[in-house]
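Engineer: okay, predicted coordinates and the sequence, questions at the end:
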Amino acid sequence: MTDHPDQIPTPKPPTGAHLRRGPFKPGERIQLTDPKGRLHTITLEPGKQFHTHRGYLSHDDLIGRPDGITVRNTAGTEYLALRPLLSDYVMSMPRGAAVVYPKDAGQIVTMGDIFPGAVVVEAGVGSGALSMSLLRAVGEGGRLLSFERRADFADIAQANARAFFGEDHPAWTVTVGDLVEELPSAVEPGSVDRVVLDMLAPWECLEVVADSLVPGGLVICYVATTTQLSRVGEAMRDLGCFTEPNAWESLVRGWHLEGLAVRPQHRMHGHTGFLITSRRLAPGVTPPLRKRRPSGGFEAAEAERAEREGDSAEAYGERVTSPKRARKLRRSIPEP
């Protein structure tokens, strides 16, 4: 028996939908573009003003106005006002750790086959940039279980996501702790569809990751250096329960478009990190023998390097956020 159309409940809008359309509202982050193409991100507050060395613009001139308008400041400078896209937002939001660039987040969502309703595990939340892309992909019917060792980073990431979605996303659970210790008690074996590892030493987590993945499930790792890439690839092979790993990087170069002056931009997003994926085999199945050229010396060379430099973020060339800066960012987060 079919229900009468009047009895069908109106579906609830997805989380954050009210912030993606309609007039500008107090508390929203708005992106202003000046005549030279420079971007300025402001949070709208009644009575506040956006100041530059060339006059100021009242927030009240934007609140209640539609998206995609132009406004002039007191000096007559015209600004284009738009809601920032997710890619714009993650590049301008407060950050405790370096963010995953939009070009890499897009690769992770697509090549990692993150689908609506999926159960996804993420390790290494950082400032929440990748988490927001993953939440967009799994939707409210999925689950994203994120693990972060540093409580200050977890707080910053949750605050950034809350500001973007307008509320705490119902699909997101953030656990402060080590993935190896926390994951076995957080999920049932063989119940996770995808695992995303953005961390210093993902090879240390592959055993618990393998236990958590469904047969055919996928693990994708984001690493910064060739040393990490080699080590995680060899660890996947050594476990014997993953398919042959696939690795790549993406480079994005914008183009200058002005009349006949069409040419590549002088600056580009070059190397940011490597991505490597592998699929979980069914229990008891071993991967087919893969013919490869012999390559010796990795273990000895790696052992020598580790003894000399140690496994630290600095050793892999990562910028380390000082505890003082992280505490300052954490104090600036408004209470939910």
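Structural biologist: Everything's here; your move.
Engineer: so after the helix-or-strand element of the chain with minimal mean pLDDT, what's the next helix or strand?
Structural biologist: Taking mean pLDDT, DSSP states H and E as the measure, helix 298-309 is the helix or strand of the chain with the lowest mean score, a mean of 59. Sequence order places helix 323-331 as the next helix or strand after helix 298-309, per DSSP states H and E.
Engineer: in that following helix, what counts as buried?
Structural biologist: Buried residues in helix 323-331, counted by 16 or more other CB atoms under 10 Å: Ala326, Leu329, Arg330. Heads up, the C-betas are built off the backbone N, CA and C, glycines and all.
Engineer: what segments of the protein are helices?
Structural biologist: 86-92, 102-111, 129-138, 151-165, 179-186, 206-212, 226-239, 298-309, 323-331 (DSSP state H).
Engineer: now the angle between helix 151-165 and the last one, please.
Structural biologist: Meaning helix 323-331. If you take axes from the mean of the first three to the mean of the last three CA atoms, to 10 degrees, helix 323-331 sits at 40 degrees to helix 151-165.
Engineer: for helix 323-331, what is the average pLDDT?
Structural biologist: The predicted model assigns helix 323-331 a mean pLDDT of 72.
Engineer: which strands and helices sit next to that helix?
Structural biologist: helix 151-165 (3 or more CB pairs under 8 Å, 6 or more residues apart in numbering; DSSP states H and E).
Engineer: so for the helix it packs on, what gets flagged as buried?
Structural biologist: Neighbour-count burial for helix 151-165 flags 152-165 (criterion: 16+ other CB under 10 Å).
Engineer: same check on stretch 204-224?
Structural biologist: 204-206, 208-213, 217-224.
Engineer: likewise for stretch 28-36?
Structural biologist: Glu28, Arg29, Ile30, Gln31, Leu32.
Engineer: now the first one: closest residue in space that isn't a chain neighbour?
Structural biologist: Of all residues not flanking Glu28 in the chain, Leu44 sits nearest, at 5.2 Å (CB to CB, 6 or more residues apart in numbering).
Engineer: the one you found reaches Phe24, doesn't it?
Structural biologist: Yes: when contacts are counted by CB atoms under 8 Å, Leu44 is listed as touching Phe24 (6.1 Å).
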